[in-house]
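**Q** coords please:
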Amino acid sequence: MSGFAVEIYTNGKRKAGEDVDILISPKDIKTLAKRLNCQVAHRYFKKENFFVNDFGFETSIDDLKVEVSSGFPLRRMKNGSIYKVFQKRVAKRYQGIRLFVEPIEELIVHKATMFREKDIRDLKLLMNKEFDSSFLKELAKDWGEQFQIFKNLKSLGYEIA
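**A** Modelled structure (predicted):
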């Protein structure tokens, strides 16, 4: 989800790598799994600095690893805030294909939450993109890490009104 979104928002300045994460509405995940000849499973695990509690599956398409999730992290699933990603999705044209990606505010907050070396590189690439500060603040609060997120973003030179 986020790596590929960075590739799209930066028009290919950063390549997604060897995997693609797809966030899909819980009502649609079984249909997609069936099309890809996969089984949906309930998953609960720790991923970096948060817990995942979702329905999902993993597969490969032409040597590309694909992970499909009905939502994460656990906190956002419980409070329903993960669904803002669907409500505010953004249609982008990339390499001649119309795709839906997460809003840039969600992408920035996700990267600032994880704040690994690769996330810092991505945040630097996204720094000059326009974003809605109030929506970014709302999402940071949803993640439950707003003070750390703002600290991380400000350390990179982001201005949050």
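**Q** how many other residues sit next to residue 66?
**A** By other CB atoms under 10 Å, the residues close to residue 66 number 16. Glycine gets a C-beta too; all of them are placed from N, C-alpha and C.
**Q** I meant residue 122, not that one.
**A** 25.
**Q** same question, residue 153
**A** Other residues lying near residue 153 total 21 when counted by other CB under 10 Å.
**Q** Assumed it was part of a helix.
**A** Yes: counting by DSSP: H, G, I helix; E, B strand; the rest coil, residue 153 is found in a helix.
**Q** Now do the buried residues in the helix or strand that contains residue 139.
**A** Applying DSSP states H and E as the criterion places residue 139 in helix 133-143. For helix 133-143, a neighbour-count test (16 or more other CB atoms under 10 Å) marks 135, 136, 137, 139, 140, 142, 143 as buried.
**Q** isn't the fourth one right up against residue 107?
**A** In this case it means residue 139. No: at 9.7 Å, residue 139 does not count as touching residue 107 under the criterion of CB atoms under 8 Å.
**Q** Name the next helix or strand downstream of the lowest-mean-pLDDT helix or strand in the chain, please.
**A** When the helices and strands of the chain are scored by mean pLDDT, DSSP states H and E, helix 74-79 comes last with a mean of 74. Per DSSP H and E, helix 74-79 leads on to helix 84-87 as the next helix or strand towards the C-terminus.
**Q** That next one: how far from the chain's middle?
**A** Distance of helix 84-87 from its chain centroid, counting by CA atoms, centre = their mean, to the nearest Å, is 11 Å.
**Q** For the helix holding residue 139, give me every contacting residue.
**A** Contact with helix 133-143 is made by 73, 75-76, 79, 81, 84, 88, 103, 105-106, 108-110, 112-113, 146, 149-150, 160-161, as judged by CB atoms under 8 Å, 6 or more residues apart in numbering.
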